[in-house]
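> curious how this folds, go ahead:
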Amino acid sequence: MSSHSAISVSIVVACRNEMGHIRTFLDSVLRQQFTGQKWEVIVADGMSDDGTRDILNEYAARHSVVRVIDNPGKIVSTGLNAAIEAARGEVILRMDAHTNYASDYCLLCLETLESTGADNVGGPARTKPSGKLGRAVAAAYHSRFCTGARFHDVNYEGYVETVTYGCWRKSTFDRIGMFDETLVRNQDDELNLRLVRSGGTIWQNPRIRSWYSPRTTLAGVFRQYFQYGFWKVAVIRKHRIPGSWRHAVPVLFTVANLALLGGLLVSILAGSALWSSAFGVAWASVLLCYGTATLLASAAAATSKGWDLFPYLPAVFATYHFSWGLGFLVGIFRLLPRRERSLHLTPDSAFTKLSR
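Sure thing, here's the model as predicted:
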């Protein structure tokens with residue numbers, strides 16, 4: 001603990017239009033426990049137009065540790081890079097405005113960074129949902145049937161491929177580079193992939209606690225995971241390595257459904273009873289298998305999270321899987337041919353606009 005006294009910490013945040021969450025977030029940041037460290041909070045605001053900037057300026061005027069800077073790029077990666085470049089700390093600790101943090105969050109990040117010798121540390125992705133559908137979204141999120149990612153497991157401790165938010169020595173960015181500003185989503189996954197491929201390590205400590213507020217509508221979940229799937233293609237293209245088997249499952253599910261449905265419609269229009277029957281049986285078989293697996297996963301999630309969520313869970317799981325798979329397929333056609341200039345993406349397009 002004594003070695004911490006010489007460490008200065010920069011908490012970096014990228015936000016845009018977080019009127020409904022920003023006060024709660026900043027209050028949780030200002031409650032952080034430190035043991036003599038000098039620290040600062042740098043918020044890169046993406047030119048908010050909903051009143052968020054006024055609140056940020058209010059907190060900056062009242063608390064000397066808070067600094068607000070502009071993020072004209074309006075996306076997370078440009079905001080984080082701007083905040084890191086402005087940071088004066090030896091340790092960079094990322095936070096997100098859609099999340100609340102335990103008062104010992106920063107302290108445990110520093111202790112874990114020191115005790116493990118890892119290059120990046122953090123805690124699991126805990127959720128704090130609101131409303132019955134929000135609870136169902138959170139329950140599905142923590143199910144292995146949803147993604148299977150270790151950082152969704154709130155009890156896992158050990159090495160991981162990626163971790164929620166992150167805490168790094170600033171020298172790590174000097175070595176591997178900053179966040180990729182061509183990525184609207186998955187910029188943290190890409191940075192961690194780059195870190196691991198360079199020989200670095202990432203450690204998850206379940207005692208590092210934060211609570212993310214998940215989407216409360218199926219439309220919000222769909223937009224969010226459509227973008228995750230879309231931008232995963234950009235990460236795969238950049239590093240020329242395939243995604244894990246986890247990424248292939250929702251893509252194959254989506255392809256199978258679209259192909260069989262398309263074949264069924266074409267055969268019906270062509271008047272082929274034989275092919276219509278074949279495609280119909282095949283599609284029904286896929287739906288039956290998926291429906292059975294979804295019901296079993298929903299029952300498992302409802303057992304621990306509440307049976308009142310069971311009627312919602314099948315639709316939530318399907319939204320997670322189909323939106324990610326569809327986004328990935330669109331990404332293959334839009335991103336793989338390296339036609340970035342033809343995308344004409346703006347901060348408010350379907351591929352870039354963040355859903356809250």
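> residues in contact with residue 79?
Contacts for residue 79 (Cβ atoms under 8 Å, 6 or more residues apart in numbering) come out as 13-16, 44-46, 71, 73. (Each C-beta comes from the backbone N, C-alpha and C, glycine too.)
> so which of those is the closest to residue 278?
Proximity of the contacts of residue 79 to residue 278 (Cβ to Cβ) peaks at residue 16, which lies at 49.6 Å.
> I figured that closest one was touching residue 48, is that so?
Yes - shown here, residue 16 and residue 48 form a contact pair, counting by Cβ atoms under 8 Å, at 5.4 Å.
> so, low pLDDT: which residues of the stretch 1-150 of the chain?
The stretch 1-150 of the chain contains residues with pLDDT under 70 at 1-7, 148.
> what about residue 16 and residue 48, which has more around it?
residue 16 (23 against 19; other Cβ atoms under 10 Å).
> nearest residue to the more buried one in space, please, no chain neighbours.
Nearest non-adjacent residue to residue 16, counting by Cβ to Cβ, 6 or more residues apart in numbering: residue 46, 3.2 Å away.
> all helices for the stretch 101-250 of the chain, in order.
Using DSSP state H, counting those that start in this stretch, the helices of the stretch 101-250 of the chain run over 105-116, 131-141, 170-176, 187-197, 218-239, 245-270.
> and the residue most central in space within the chain, what does it touch?
Central residue of the chain (Cα atoms, centre = their mean): residue 186, 6.8 Å from the mean position. Listed by Cβ under 8 Å, 6+ apart, the contact partners of residue 186 are 228, 231-232, 234-235.
> picking that back up, switch the helices of the stretch 101-250 of the chain over to TSV; also include mean neighbour count.
Below are the helices of the stretch 101-250 of the chain laid out as TSV (neighbours: other Cβ atoms under 10 Å):
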stretch	mean neighbour count
helix 105-116	20
helix 131-141	22
helix 170-176	15
helix 187-197	20
helix 218-239	21
helix 245-270	15
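> and the closest residue to residue 122 other than its chain neighbours, what does it touch?
What sits nearest to residue 122 in space, not counting adjacent residues and going by Cβ to Cβ, 6+ apart, is residue 163, at 3.8 Å. Listed by Cβ under 8 Å, 6+ apart, the contact set of residue 163 reads 120-123, 151, 192, 202-204.
> list the contacts of the residue nearest to residue 16.
For residue 46, the contacting residues are 14-17, 71-75, 79, 347, by Cβ under 8 Å, 6+ apart.
> which of those fall in helices?
Those of the contacts of residue 46 mapping onto helices are residue 79, per DSSP state H.
> just the contacts of residue 46 now: which is nearest residue 285?
Distances from residue 285 to the contacts of residue 46, taken by Cβ to Cβ, are shortest for residue 75, at 41.6 Å.
> any idea how far the nearest residue to that closest one once chain neighbours are set aside lies from residue 44?
With sequence-adjacent residues excluded and distances taken as Cβ to Cβ, 6+ apart, residue 75 is closest to residue 184, at 5.1 Å. Distance, residue 184 to residue 44, using Cβ to Cβ, to the nearest Å: 15 Å.
> one more: residue 275?
Counting by Cβ to Cβ, the gap from residue 275 to residue 44 is 56 Å.
> these two: who's more crowded?
residue 44 (27 against 15).
> give the contact list for the more buried one.
Counting by Cβ under 8 Å, 6+ apart, residue 44 touches 12-15, 69-71, 78-80, 82-83.
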